[in-house]
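In: could you look at this predicted model? Sequence included:
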Amino acid sequence: MRRKVLFVCVMFFLAMTAFSQEAEAVNGDESIASALKSIAAAIAVGLSCIAGGIAVGRVGAAAMGAMSENPELSGKALPYAGLAEGICLWGFLVALLILIL
């Protein structure tokens, strides 16, 4: 189910960027293209931050459970939380590329 949602979101972003480029080329009206780019960028950042928050919550809960049994695992759990937070950064980079290009 999650893969289907991810696939639909990716296809939506691609369609939005393609439509904005086509609208800019055909109509010459940059207001429609810039509005679509802004919407696509906002959705990219919003979904990636929501996904990052869910991932950090699950990783943090699992890390706390593991550290309660074995305190030596605290150093090994930190990189996983960092990887989960990286999802938000990738969403920001995608949004930045959508707005610039």
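Out: Sure, I can see it.
In: from the contact counts, what lies against the helix or strand where Val45 lies?
Out: If you go by DSSP states H and E, Val45 is part of helix 30-69. Where contact means 3 or more Cβ pairs under 8 Å, 6 or more residues apart in numbering; DSSP states H and E, helix 30-69 is packed against helix 2-27, helix 74-100. Bear in mind the C-beta positions are built from the backbone N, C-alpha and C, glycine included.
In: what comes up buried for that helix?
Out: Across helix 30-69, burial judged by 16 or more other Cβ atoms under 10 Å covers 33, 36-37, 40-41, 43-45, 47-49, 51-52, 55-56, 59, 63.
In: worst mean pLDDT among the helices and strands packed on helix 30-69?
Out: Lowest mean pLDDT of those: helix 2-27, a mean of 65.
In: quick one, phi/psi of Asn70?
Out: The phi/psi pair for Asn70 (degrees, to the nearest 10) reads phi -140, psi 100.
In: count the neighbours of it for me.
Out: 9 (other Cβ atoms under 10 Å).
In: same thing with the one 5 residues further on?
Out: Residue neighbour count, defined by other Cβ under 10 Å, stands at 8 for Gly75.
In: from Met67, how far out is it?
Out: Using Cβ to Cβ, to the nearest Å, Gly75 is found at 10 Å from Met67.
In: give the contact list for Ser48.
Out: Counting by Cβ atoms under 8 Å, 6 or more residues apart in numbering, Ser48 touches 87-88, 90-92, 94.
In: which of those are buried?
Out: Buried members of the contacts of Ser48, scored by 16+ other Cβ under 10 Å, are 87-88, 91, 94.
In: nearest to Phe12 among those?
Out: Nearest to Phe12 out of those is Val94 (Cβ to Cβ; 12.4 Å).
In: pretty sure that closest one contacts Phe13?
Out: Yes: shown here, Val94 and Phe13 form a contact pair, counting by Cβ atoms under 8 Å, at 7.5 Å.
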